[in-house]
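In: model the structure of this input:
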Amino acid sequence: MSLKAQITEDMKNAMRAKDTERLGTIRLLQAAMKQKEVDERVELDDAMVIAIVDKMIKQRKDSIAAFETAGRQDLADKEKSEIEVIKAYLPERMSAEEVTAAVQAIVAELGASGPGDMGKVMGAVKTQLAGKADMGQVSAAVKAALAP
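Out: Prediction:
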């Protein structure tokens, strides 16, 4: 079953269970997926859905930081609960050690050295690790690998 079909099925199950919080979050995800399909006139595959899920999680993390600095813990808690629902659609994430090993292998493969090659390395890393690892963690590993 594709990830898109799984999300649709989970939405139906949330409707049947009258789980309004989960249903609302899944509907937000479905709306983002539909928007991408309409804007780009494409049929989403699992990689594209994972990219949308990653983007939604990043948006919520940014919102949590803003709400907490503004003293709105109630809104921050709502965003945290949405993250938990959305995270269910991400594949198993790589550990920090696996990310570091993968980045070092790519750096060696490209023969990159120094911070000037960061763009070239990040381009290669994004294609190989997209959806499998947190890109913030990947960026830090690339910086460490290219540090003099």
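
In: what's the spacing between the residue most central in space within the chain and Met135?
Out: Residue closest to the mean C-alpha point of the chain, counted by CA atoms, centre = their mean, is Asp54 at 1.7 Å. Per CB to CB, to the nearest Å, Asp54 is found 8 Å from Met135. The C-beta positions use only the backbone N, C-alpha and C, and glycine is treated the same way.

In: next SSE after the longest helix anywhere in the chain?
Out: Ranked by residue count under DSSP state H, the longest helix found in the chain is helix 46-69. As assigned by DSSP states H and E, the chain's next helix or strand after helix 46-69 is helix 73-87.

In: low-confidence ranges in this protein?
Out: In the predicted model of the chain, residues 148 satisfy pLDDT under 70.

In: domains in it, by residue range?
Out: 3-87, 96-146 (automatic domain parsing).

In: picking that back up, just the element for the residue nearest to the residue nearest to the centre of the chain when sequence neighbours are not counted, please.
Out: Nearest residue to Asp54, sequence neighbours excluded (CB to CB, 6 or more residues apart in numbering): Gly131, at 6.8 Å. Of the helices and strands defined by DSSP H and E, none includes Gly131.

In: could you pull up the residues touching Gly131?
Out: Neighbour list for Gly131: Ala47, Ile50, Ala51, Asp54, Leu90, Pro91 [criterion: CB atoms under 8 Å, 6 or more residues apart in numbering].
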